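Enquirer: Here's a sequence, model it:
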Amino acid sequence: MKLVLVESPTKTKTIQKILKNGFEIMATYGHIRDLPKSTFGIDVENNFLPKYQIIKKAKKNLGKIKKEIKKAEIIFLATDPDREGEKIAFDIVETFKIPAEKYQRIVFHEITPRAIKEALENPRKIDLKLVSAQETRRLLDRIVGYKISPFLWKKIAKKLSAGRVQSVALQLIVEREKEIKNFIPQEYWTIEAWFEKNKIAFNSILTEKDNKKIEKLEIKSEKEANDILSRLKGARFFVSGLKEKEVIKNPFLPFITATLQQTSFLKFRWSAKQTMKIAQSLFEKGFITYHRTDSFSLSKDALLKAKEYILKNFGENFWQERIFKKKSKLSQEAHEAIRPTDVFQEPEKLKDILERKEFLLYELIWQRFLSSQMKSAVFKNTKVKISAGNFTFEGQGQVLKFEGFLKVYPLKLKEKELPELKIGEELKLLKIEKKQHFTQPPPRYNDASLIKEMEKNGIGRPSTYASIISILQERNYVQKDEQKRFVPTEIGFLVSDLLKNHFSEIFNLQFTAKMEDDLDKIANGQKEKNEILKNFYEFLEKKIEKKEKEIEEKHLPQIENEKKCKLCGAPLVLKFSRYGKFYSCSKFPKCKYLEPLEKNYIGVQCPKCGGQIIKKRTKKGKIFYGCEKYPECDFALWDQPINEKCDLCGSILVKTKKNEIKCSNKNCEKQKKLNP
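Expert: Numbering: from 1, shown residues only. Have a look, this model is predicted:
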């Protein structure tokens, strides 16, 4: 029997259909060992030797794998084709003490018969340089977490944590928020004129005054705008310039991890974590190639299939081979771009097989890949200049002449037709108006723009973007506003500022990007793991020792003599937590009474005691709604109550996260209809 080990149970099913008899496919369910949770887990004096432990939830499954390893004649380690997958393969060999002659490492970037056959024909041993690079990343993160986090506990609040990469991403979000808060808007005005010819209306913007170009902020007040309008009163408007040109719009590159996450956020409003979860499923089911990649390359076979499909369905006029050799500057391994494993598996054919979100993402990947091998779209662009005395207006139109790749990858491009115009002809003015504007601050980061910024600055790698963002949210350092943009919390500001002000050599874009570069050099055999770990550890130790003496403990609990504990009557103290400020009993831990700093009343009476319902958070930060008279009254709801009662049972109505209105009484028929 030949044993194939992968991470995911979904992947086992897909591979089993391909390999069939003679092969046993088993899943490790991800990592099987890690550094201990409760101790540092690194022997600094012994060349930074990690003290790994078997992950608790993996133990039962590993017992089953162990039995099959004993039976197997050969073991194929088929974990993911990246550093993390290489590390898991290494951990399997180390944990089960598998001799070198009994295992082979195989790698495939898509789960198809051809790719798996090729992998089995070209096995290798574990690449220890890749393992070393991944292990170094883990150890660096552990060093930062265990050395900086206790420092944050002393200086701000308990249970805070710092991350080598996450803290730099947080800094980006915090600095952007400061820019927004400090932004002073500037007023400016524009003048817009509308003309008509042959029943076609078109607009134009004033661009020149007294034969000089008007800068964006030049017209600063309504008075200046009115002065221009008064000078234009009764003016005649003539076409003074016409320029036509052909505009080419090239197709986009096929997806890599970063651009897939960015595009799916902009198109579907999905978080990076959600996108990667769906992509993982598509990969494991065999529909797309590996989804953690920073390479734009495409295989010869994929290019030939794309050509065949385009010629068959659209004709030779639409096909153009495009070979993308360029990879990102710090590309890790020789991956392909993200593409469908078989371009002839059209999205519509899979609509009944895939879940809705899987279908949407597959369709996007399929369209992007196929369109990358198609001809450019061609537009006819017309620019017109319209003069009135010493004033010049400019307008433009754009008409699609050849759709090219847009046939497959449609974009929201507005066509705007201009009428046939001639130099010197007079135009009929429909209206002329002034418009007030204000300069806008830079927007808050969202999933797409934050990933783009991290990628641009060399922060993180394809496999880490989603986890970086998730960790910032889980730690309550950032939250999302209504437009799904990141807003730093009070505690996020404090953590970011402390790290920036006192550990700027570590938590900055340049250092983090250099560290990623060093990890790449370890993977390429250009640097040694221990050299990087030793230099970083020694520097950090000295830095912390120095800062311990320099920084005062400014955030110690403050006694609030006027506020008393509702359980024992002792004075309350003002404290910080990862969720912000709150009141706690001064006799903690004997008395565990907590009270929010500000009571978020929502205008609804408690049906149990008549008090007011307020918005609260659990210890883990989850929002719920409870009576302000707690602990005397324990009424609480997960969904937001509204000031209305159920017409069936008289209980309070609530609004769900999906904006559905339902009864808070679980036994009410009104709720059962909404939740069948």
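Enquirer: quick one, what contacts N667?
Expert: C649 (C-beta atoms under 8 Å, 6 or more residues apart in numbering). For glycine as for every other residue, the C-beta is placed from the backbone atoms N, C-alpha and C.
Enquirer: Send me stretch 242-251 as CSV with only the CA atoms.
Expert: C-alpha atoms of stretch 242-251 as CSV (Å, rounded to 0.1, in the frame of the first residue of the first chain):
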residue,chain,number,x,y,z
LEU,A,242,-11.0,68.6,-32.0
LYS,A,243,-8.8,65.6,-31.3
GLU,A,244,-9.6,62.0,-32.0
LYS,A,245,-7.4,59.1,-31.1
GLU,A,246,-7.6,55.3,-30.7
VAL,A,247,-7.2,54.2,-27.0
ILE,A,248,-6.1,50.7,-26.2
LYS,A,249,-7.1,49.0,-23.0
ASN,A,250,-5.0,45.9,-22.2
PRO,A,251,-6.4,43.0,-20.3
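Enquirer: got the buried residues for that stretch?
Expert: P251 (16 or more other C-beta atoms under 10 Å).
Enquirer: Numbering from 89 from now on, please.
Expert: OK, 89 is where the count begins now, so the last one is stretch 330-339.
Enquirer: After the longest helix belonging to the chain, which helix or strand is next?
Expert: Criterion DSSP state H: the longest helix present in the chain is helix 216-243. Moving toward the C-terminus from helix 216-243, the next helix or strand (DSSP states H and E) is helix 254-270.
Enquirer: Not counting its own residues, what contacts that next one?
Expert: Under C-beta under 8 Å, 6+ apart, the answer for helix 254-270 is 529-530, 532-533, 538, 541-542, 547-548, 556-557, 559-560, 563, 565-566, 574-576, 580-581, 583-585, 587-588, 595-597, 600.
Enquirer: what does stretch 584-597 give?
Expert: Against stretch 584-597 from outside (C-beta under 8 Å, 6+ apart): 232, 236, 240, 243-244, 250, 252, 255-256, 258-259, 261-262, 545-547, 565, 576, 599, 627-628, 631, 635, 638-639.
Enquirer: for stretch 404-415, same thing?
Expert: Against stretch 404-415 from outside (C-beta under 8 Å, 6+ apart): 339, 341-342, 382-386, 391, 395, 398-399, 425, 460-464, 492-493, 495.
Enquirer: one more time with 10 Å
Expert: Residues outside stretch 404-415 that contact it (C-beta atoms under 10 Å, 6 or more residues apart in numbering): 338-339, 341-342, 344, 381-386, 388, 391-392, 394-399, 422-425, 459-464, 490-493, 495-496.
Enquirer: re earlier: in PyMOL, how would I select the buried members of the contacts of stretch 584-597?
Expert: The buried residues among the contacts of stretch 584-597 can be selected in PyMOL (16+ other C-beta under 10 Å) with this line:
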select buried, resi 232+236+240+243+244+250+252+255+256+258+259+261+262+545+546+547+565+576+599+628+631+635
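Enquirer: coming back round to it: helix 254-270 and the longest helix of the chain, what's the angle between them?
Expert: Interaxial angle, helix 216-243 versus helix 254-270 (axes from the mean of the first three to the mean of the last three C-alpha atoms, to 10 degrees): 50 degrees.
Enquirer: Identify each buried residue in helix 216-243, please.
Expert: Residues of helix 216-243 classed as buried by neighbour count (16+ other C-beta under 10 Å): 217-236, 239-240, 243.
Enquirer: Sketch out the low-pLDDT regions of the stretch 289-438 of the chain for me.
Expert: Low-confidence segments of the stretch 289-438 of the chain (pLDDT under 70): 414-422.
Enquirer: now do the chain
Expert: Low-confidence segments of the chain (pLDDT under 70): 414-422, 639-649, 666-668, 686-687, 707-709, 758-764.
Enquirer: quick one, strands of the stretch 439-588 of the chain?
Expert: 465-476, 479-490, 514-526, 566-568, 574-576 (DSSP state E, counting those that start in this stretch).
Enquirer: and of those strands, who's closest to G329?
Expert: strand 465-476 (3.3 Å; C-beta to C-beta).
Enquirer: Now do the buried residues in that closest one.
Expert: 465, 467-468, 470, 472-476.
Enquirer: Pick out the most distant pair among these.
Expert: Most distant of these, by C-beta to C-beta, are A465 and A476, 35.2 Å apart.
Enquirer: Check the gap between the closest residue to N210 other than its chain neighbours and A611 for me.
Expert: Of all residues not flanking N210 in the chain, I194 sits nearest, at 7.7 Å (C-beta to C-beta, 6 or more residues apart in numbering). Per C-beta to C-beta, to the nearest Å, I194 is found 19 Å from A611.
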